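Q: here is a sequence together with a model predicted from it:
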Amino acid sequence: MAIGIIFASFFHQFFNFTLIEFSLIVICAFIMDFDIFFSKYAENNNHRMLISHSVIPSIFILIIGLILSWSALIIGGIVYIIHVIIDTFDWGTNLFYFPKKSFGLKILLSKEEERNIEKYMAEYKKPQSFFDFKYYSNKIFIIVEIILFVLMMLFVILYAFKYILLIILYFLGLAFHLSTHLHLKKIESN
């Protein structure tokens, strides 16, 4: 979401977005993460294997934006694809969808863990705890999150102050993530 606000804020100075256009860009930056509610339909219950976590939706958004010559939709397509690419760094994602294969650097997974992921997830009461704990214990990813937060605040203050209240969405998303993390910690500690 921070990347959506950064891009929307920066380009607002050139395109003077309406609230709907600004919000559209921000929503395009995180909408694919709602596919987590459809994980049960994905391979290994991994929501990143669904079509929504591939480049395909972003290409459609970009094409529609180009046809309509609508800068907000074009930028929305760009932030969508940036999110998908960023997801290749931690665990990987089904970048092109049709090969049904996870692509990426997968920095948070060793080759051993990737080969035997079920075994590692089985060590926890809730399998998702494996991913959650690895992410929140990685200092590099936490630092990147903090940097993105600072950049988001700077960009919205400098370039789109009238839309600063949209950062409430960021805090709602952060509260959801942190409450999930704390809930998993509680489950695993009992």
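A: Done, it's in.

Q: residues of stretch 109-129 that come out buried?
A: Using 16 or more other C-beta atoms under 10 Å as the burial criterion, the residues of stretch 109-129 that qualify are 109, 117, 120-121, 124, 127, 129. (Glycine included, C-beta is placed from N, CA and C.)

Q: now that stretch: mean pLDDT?
A: The predicted model assigns stretch 109-129 a mean pLDDT of 89.

Q: mind checking how far that stretch is from the chain centre?
A: Averaged C-alpha coordinates place stretch 109-129 at 21 Å from its chain's average position (C-alpha atoms, centre = their mean, to the nearest Å).

Q: how about stretch 175-185?
A: With C-alpha atoms, centre = their mean as the basis, stretch 175-185 stands 16 Å off its chain's centre.

Q: just the C-alpha atoms of it, please, in CSV.
A: C-alpha atoms of stretch 175-185 as CSV (Å, rounded to 0.1, in the frame of the first residue of the first chain):
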residue,chain,number,x,y,z
ALA,A,175,-3.1,-3.4,12.2
PHE,A,176,-4.4,-6.5,10.4
HIS,A,177,-0.9,-7.8,9.8
LEU,A,178,0.3,-7.2,13.3
SER,A,179,-2.9,-8.6,14.9
THR,A,180,-2.4,-11.8,12.8
HIS,A,181,1.2,-12.0,13.8
LEU,A,182,0.4,-11.6,17.5
HIS,A,183,-2.4,-14.1,17.2
LEU,A,184,0.0,-16.6,15.7
LYS,A,185,2.6,-15.9,18.3
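
Q: just the helices in this structure please.
A: Counting by DSSP state H, the chain has these helices, from start to end: 2-15, 19-28, 56-68, 71-90, 111-115, 117-121, 128-136, 139-159, 167-189.

Q: quick check: angle from the second one to helix 139-159?
A: Pointing back at helix 19-28 there. 170 degrees (axes from the mean of the first three to the mean of the last three C-alpha atoms, to 10 degrees).

Q: show me which of the buried residues of stretch 109-129 is closest to residue 84.
A: Sorting the buried residues of stretch 109-129 by distance to residue 84 puts residue 109 at the head of the list, at 17.7 Å, by C-beta to C-beta.

Q: tell me the spacing between the residue nearest to that closest one when sequence neighbours are not counted and residue 48.
A: The shortest distance from residue 109 to any residue other than its chain neighbours is 6.3 Å, reached at residue 91 (C-beta to C-beta, 6 or more residues apart in numbering). Here the distance between residue 91 and residue 48 works out to 7 Å (C-beta to C-beta, to the nearest Å).

Q: could you check which of the two has the larger neighbour count?
A: The residue with more neighbours, out of residue 91 and residue 48 and counting by other C-beta atoms under 10 Å, is residue 48; that gives 26 against 20.

Q: where does pLDDT dip in this structure?
A: Across the chain, not a single residue meets the criterion (pLDDT under 70).

Q: the same query, at a cut-off of 90, please.
A: Scanning the chain with the threshold set as pLDDT under 90 gives 34-50, 91-92, 94-103, 114-118, 121, 126-128, 131, 190.
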